[in-house]
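Visitor: Got a predicted structure here, sequence first:
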There are 4 protein chains.
Amino acid sequence: MTAAPPDVLRCAYAELVVTDLAASRAFYVGVLGLVVSHEDEDALYLRAFEEYLHHSLVLWKGSAPALAVLGYRVRSAADLDLAEAYYRTLGCRVERRAAGATRGLGEAVRVEDPLGFPVEFFCEAEHVERFTQRYDVHGAGALSRLDHFNLDTPDVPAARKYYEGLGFRVSEDIQDDEGTVYAAWMFRKPTVHDVALTGGDGPRLHHIAFASHERTQILHLCDHLGALRKSGTIERGPGRHGVSNAFYLYLRDPDGHRIEIYTHDYYTGDPDNPVITWDVHDNQRRDWWGNPVVPSWYADASAVLDLDGKPQPLTARAEAREADVTIGADGFSYASDDTEFKLGEQV
Amino acid sequence: MTAAPPDVLRCAYAELVVTDLAASRAFYVGVLGLVVSHEDEDALYLRAFEEYLHHSLVLWKGSAPALAVLGYRVRSAADLDLAEAYYRTLGCRVERRAAGATRGLGEAVRVEDPLGFPVEFFCEAEHVERFTQRYDVHGAGALSRLDHFNLDTPDVPAARKYYEGLGFRVSEDIQDDEGTVYAAWMFRKPTVHDVALTGGDGPRLHHIAFASHERTQILHLCDHLGALRKSGTIERGPGRHGVSNAFYLYLRDPDGHRIEIYTHDYYTGDPDNPVITWDVHDNQRRDWWGNPVVPSWYADASAVLDLDGKPQPLTARAEAREADVTIGADGFSYASDDTEFKLGEQV
Amino acid sequence: MTAAPPDVLRCAYAELVVTDLAASRAFYVGVLGLVVSHEDEDALYLRAFEEYLHHSLVLWKGSAPALAVLGYRVRSAADLDLAEAYYRTLGCRVERRAAGATRGLGEAVRVEDPLGFPVEFFCEAEHVERFTQRYDVHGAGALSRLDHFNLDTPDVPAARKYYEGLGFRVSEDIQDDEGTVYAAWMFRKPTVHDVALTGGDGPRLHHIAFASHERTQILHLCDHLGALRKSGTIERGPGRHGVSNAFYLYLRDPDGHRIEIYTHDYYTGDPDNPVITWDVHDNQRRDWWGNPVVPSWYADASAVLDLDGKPQPLTARAEAREADVTIGADGFSYASDDTEFKLGEQV
Amino acid sequence: MTAAPPDVLRCAYAELVVTDLAASRAFYVGVLGLVVSHEDEDALYLRAFEEYLHHSLVLWKGSAPALAVLGYRVRSAADLDLAEAYYRTLGCRVERRAAGATRGLGEAVRVEDPLGFPVEFFCEAEHVERFTQRYDVHGAGALSRLDHFNLDTPDVPAARKYYEGLGFRVSEDIQDDEGTVYAAWMFRKPTVHDVALTGGDGPRLHHIAFASHERTQILHLCDHLGALRKSGTIERGPGRHGVSNAFYLYLRDPDGHRIEIYTHDYYTGDPDNPVITWDVHDNQRRDWWGNPVVPSWYADASAVLDLDGKPQPLTARAEAREADVTIGADGFSYASDDTEFKLGEQV
């Protein structure tokens, strides 16, 4: 293939289908504290406190939860033409969208990418007030900005190759000593990732993540959910990732969409930034403190729509699954009667 | 009984038998950052940064891990006489100890209390440098002071009555709607507790706890253990307790003794401080965020020695066990295929 | 004097006269996040998140800012009789007040104390909801409880002697090598203080202080005030005190009443708690980081009312003033042309 | 001019001349916790915890404190040739340096830039261990990476134009309503800045800055310096900047070089990132909390060497100075007898 890819700046927004806008609003605005850029009967357009584009999250009312769009911002209008040509060369379905087709955004190119995800490239966007210093409305769990997407896809090396074609680079990955790749973290902006590729039945959305400044903001979200008697919303964490070194928390929104809150990762912008490969058997790779990953975190993910709004069929992962080679094979068991009460140190 | 009890100020020190002093030193000094007041071939005497008495923790080298003494400080020398008389009236074994019998402490009364624990009452103690503002040696996980003991005992109401006789008051407890008491938190100094009574086979030491100023210090201990590839040392947490509202972490020392790090509890010193009773079926009682309690936390505890240094026999709990009525009955299961991925909200 | 003093538990509430209830509400409720227990046209009754008594702060609408009452809670109803007898023996004006005379409180004894302050002793109080775990309403600057009063009084040793008569003990003080005492910190509950005595023209109220759990809550208050373009409200700090080791911030309310936010002090409850004496020339005594004390902090304080609501006349301090022996004599000067850009290390 | 500039990745290292290596080591390693990559009799090579290049700070022993080099990393070896041609076209003195001429770095181009600063461009560098997760050696004041340089230069618009020629963009600046520019913040990596240009007599180095993850690490540095009785090292802060929104602290090293510790700034990588212009009369521009800037912070800066190691002559700022239009004209005064105790809100 010889077409040049568009110059992607960063992951920029996600559009999720939710079944109850009021319940979603209570979660995303009431608990997470996202700012409402626009709302009507059909949708909520939200942003975090340091964001000045119209939105980084759109919630559409629909009959079944799903991911409708992953939005990447490109550097210039010319990159839209590159995107169109690039995906046509790849044989993907491509649609050109007029400015305003997505509220607050300019002209866009929407594709079904080779991994089966609905992806939009846009450049222009309406500017709105940046709430960076609006500490009068920052709650104790203030979020700064969208950080990344995490996608379930059956074949991680193939997906990595596709994203490398788009100019993304790998910061970290998880492998075993037979070379099976379980996950890879890839970026355009110089953080650990704009997109993570997780080996699993796909295409599915594993989660989207927002960044906070500090860990106390993440801890407050847990306290807040406890006060609401919604502790069931907390799926995993808080904890420290091995991969990325980020402090994290995974929540499940009212439709089961997984939201990560994330802070403390590192600068990756130099061309020789070392790639870190973790052994899948290292019990500190997913949680630096060795706390076990809950099974739902491995198993559950959101359905993905095509450009007609129909669910994409799933392709099963053919290679070994991370949950099986860790939890199942060498992992944690409540029935264990040895002296180790958790996964041991394996590295 | 008519004898007056001694005026207990607070829990003051614990003496633990450990099997490898070097390994214990690496944990208590190297990771927890406790200050060494004295060390020799047989023992380590340790204190936290805000403490000015000679020690709050003694580690004795021995052949099997155990609790050797729980130390309570009393207000005056006269309280030692009261203690002696009080426990003789209770029919307990009592020993009078000369000043210096425990390094750094004055005259003391040591008893086998009605619950089977070896308890020492002392008043005088050697003063050592208080490291409150020695920020040049405070690590990122700095600990302030000993906070409380937590004891496994079969009959919580009986144990509570005994401690009320000593002038302790209850701040919080866990019950079910049939009146079974699973645990009670009791204090002399005006915090949530100096001693917690946990229903279980006893006498055993469930844990001792040190206080830090903030949550970041607790989180650092986890990061530090991860860096040492000792994440297996982290048994439970970090998290927010429902009971006490404290932010917590449970570690296991090299001999399996459980150490809690604890912050954010509240003032209890007014006589009408409301007692908070939690329902044992409330999944936020032990962790406000609903994270499940790991089974080892319910099951494991340290053996307790009598005044001759021999292990005390255990009495089994006759009433329902907290682990059984929660984990077993309505709790968390990795095999669950329903939509709840964790303990649901039960209150 | 032979009368027994009442058994004081702790400082419990202050009543301030303010000139604009709406402005005060914006500050105390809107910024500090205090909970409204009751409000009407004349007054606001407020409490912090961990408090279960009806109020810890009353704001009365009046024509000129002043302190109307300092409230101390006593252990039992019998202590009210002791208080009445004690102050009559001291020759003080004493009034007995019926239950409800102060909203939410039981019977009380109100006195003009020997230092000229209006002081109320009460035992019974209405219980209200404790917001300890109401994280759904905790802002980023959540306050836990009233911590202490700080009083300007001309003769600190005389005031200390008076408070020792009430059973308070000294935790720390500031002196010079000629024995002049500039300030003393005194407590009943086992923290660094319930009341601090600051040498100055008096009687005046220097400040009242609320405690938070952590430093980030204090930092947020500054950010919040910046966002409101009310940074002029921040008088001094944030910083770390030398005395008490507490992390602090001083704000000025809309009437100029000074409010401190305070965290990280230490347990003082043992009878042999060492008293720390600071040299007035130690530039880290008031700020551990050596940041200079702003002159207004030394100079300004709130007028104090007698039991008829009339301002108490001031008695000037006869001894050296702390501001003069530090700022003036050896201190900070913007015109300095030596290489030291701040107060040097003097200890 | 038509020569293409090199593709600068980011600010990468500074070389400072210090007069006492042991004293500097006590500050940079003992207090700031920087990791020693190499040390010998002449120099110390240091890095922060997340850095994998050989060093981000070099301290050379010399007879007088000065800035010897500002290092920028470029994307590729070809950029070194571009740099050489670019500066020759500008008429600047240019030197080509062999690999290893600076320990740990590859081939380089060193220039005296048009502003009078000694600047080095390099691409290759030796990789060393990244301490990101070496929490076992992270102190409570752990620093992550070099963040930016801040330079005193007489003519800010001219300096801005020069840096725009190198591909830097402005994130924020300070102006007055007559168009005088007092300072500008410029970046290549997508943070608020790699270099800030401060209007003043120049060329001088105002400061270099390291980033931490959170505010508590910055607060600990203050506590640590207090414990060492080195509070005089703290020049300004901690505080929250208006510009950049970063939480900051300014220290002075043993030679008076100013070091900033900095966290919480924001992503600037999109091409339409809004430029924020602050009014020089806004007292929250330099400190969001309105705390006054100490005069030394405006006045003092480090001398700068030419490529022969001789001090560069200074050019005086011709335009209004920020200190004069704020502190002098409308600012803070200890002698003020009005009711404003600080700079008022001016915006």
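Guide: The structure has been received and is ready for your questions. Remember, predicted model here, so these are calculated numbers, not experimental data.

Visitor: can we go C-alpha only for contacts and neighbour counts from here?
Guide: Fine.

Visitor: For chain A, what lies in contact range of chain C?
Guide: Taking CA under 8 Å from any CA of the partner chain as the test, the list of chain A residues beside chain C reads A:133-136, A:138-141, A:220, A:223-228.

Visitor: among those, which ones are buried?
Guide: Of all those considered here, the ones buried according to neighbour count by 16 or more other CA atoms under 10 Å in any protein chain shown are A:133-136, A:138-141, A:220, A:223-227.

Visitor: List the ones among those residues that fall in helices.
Guide: When those are checked against helices (DSSP state H), the matches are A:220, A:223-227.

Visitor: In contact with residue A:120: list those residues for me.
Guide: Residue A:120 sits next to A:69-72, A:108-111 when contact means CA atoms under 8 Å, 6 or more residues apart in numbering or on different chains.

Visitor: which of the residues you listed tops the neighbour count?
Guide: Within those, neighbour counts (other CA atoms under 10 Å in any protein chain shown) peak at residue A:108, which reaches 28 neighbours.

Visitor: could you measure that residue against residue C:43, distance?
Guide: Applying CA to CA, to the nearest Å, one obtains 58 Å for the distance of residue A:108 from residue C:43.

Visitor: Can you show me the CA trace of stretch A:8-16 as PDB?
Guide: Taking only C-alpha atoms (Å, rounded to 0.1, in the frame of the first residue of the first chain), the coordinates of stretch A:8-16 have been written out as PDB:
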ATOM      1  CA  VAL A   8      -3.400  11.900  13.600                       C
ATOM      2  CA  LEU A   9      -2.900  14.200  16.600                       C
ATOM      3  CA  ARG A  10      -4.600  12.100  19.300                       C
ATOM      4  CA  CYS A  11      -7.600  10.200  20.400                       C
ATOM      5  CA  ALA A  12     -10.300  12.900  20.700                       C
ATOM      6  CA  TYR A  13     -13.800  11.600  21.500                       C
ATOM      7  CA  ALA A  14     -16.000   8.600  21.800                       C
ATOM      8  CA  GLU A  15     -19.700   8.200  21.100                       C
ATOM      9  CA  LEU A  16     -21.500   5.700  23.200                       C
END
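
Visitor: Give me the distance from it to the chain's centre.
Guide: Using CA atoms, centre = their mean, to the nearest Å, the distance from the centre of stretch A:8-16 to the centre of the chain it belongs to is 9 Å.

Visitor: pLDDT weak spots in chain A?
Guide: Judged by pLDDT under 70, chain A has its weakly predicted residues at A:1-2, A:327-347.

Visitor: tell me which parts of it are close to chain D?
Guide: Selection of chain A residues close to chain D by CA under 8 Å from any CA yields A:9, A:50, A:75, A:132-133, A:189-190, A:213-214, A:245, A:264, A:266, A:269-271.

Visitor: that older thread, closest one of the residues of chain A next to chain C to chain B?
Guide: Out of these, the one with the shortest distance to chain B is residue A:226. That distance is 5.3 Å, counting by CA to the nearest CA.

Visitor: my guess is that closest one meets residue B:285, correct?
Guide: No. Taking CA atoms under 8 Å as the definition, residue A:226 is not a contact partner of residue B:285, at 10.3 Å.

Visitor: circling back: secondary structure for the contacts of residue A:120 - can I get that in CSV?
Guide: Below are the contacts of residue A:120 laid out as CSV (DSSP: H, G, I helix; E, B strand; the rest coil):
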residue, secondary structure
A:69, strand
A:70, strand
A:71, strand
A:72, strand
A:108, strand
A:109, strand
A:110, strand
A:111, strand
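
Visitor: Could you dump those into TSV with distance to residue C:252 added?
Guide: Shown next, in TSV, are these (distance: CA to CA, whole Å):
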residue	distance to residue C:252
A:69	50
A:70	49
A:71	47
A:72	47
A:108	52
A:109	55
A:110	55
A:111	58
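
Visitor: Out of those residues, the closest to chain B would be?
Guide: For these, the nearest to chain B is residue A:69 (25.4 Å; CA to the nearest CA).

Visitor: Could you measure from that closest one over to residue A:101?
Guide: 13 Å.

Visitor: Show me what the lengthiest strand in chain A is packed against.
Guide: The single longest strand within chain A, with elements called by DSSP state E, is strand A:8-18. In this structure, strand A:8-18 makes packing contacts with strand A:57-61, strand A:66-74, strand A:145-153, judged by 3 or more CA pairs under 8 Å, 6 or more residues apart in numbering or on different chains; DSSP states H and E.

Visitor: That one pairs with which strands, parallel or anti?
Guide: Using DSSP bridges, the strands paired with strand A:8-18 in its sheet are strand A:57-61 (parallel), strand A:66-74 (antiparallel).

Visitor: How far does the last one sit from its chain's centre?
Guide: Going by CA atoms, centre = their mean, the spacing between the C-alpha centre of strand A:66-74 and its chain's C-alpha centre is 10 Å.
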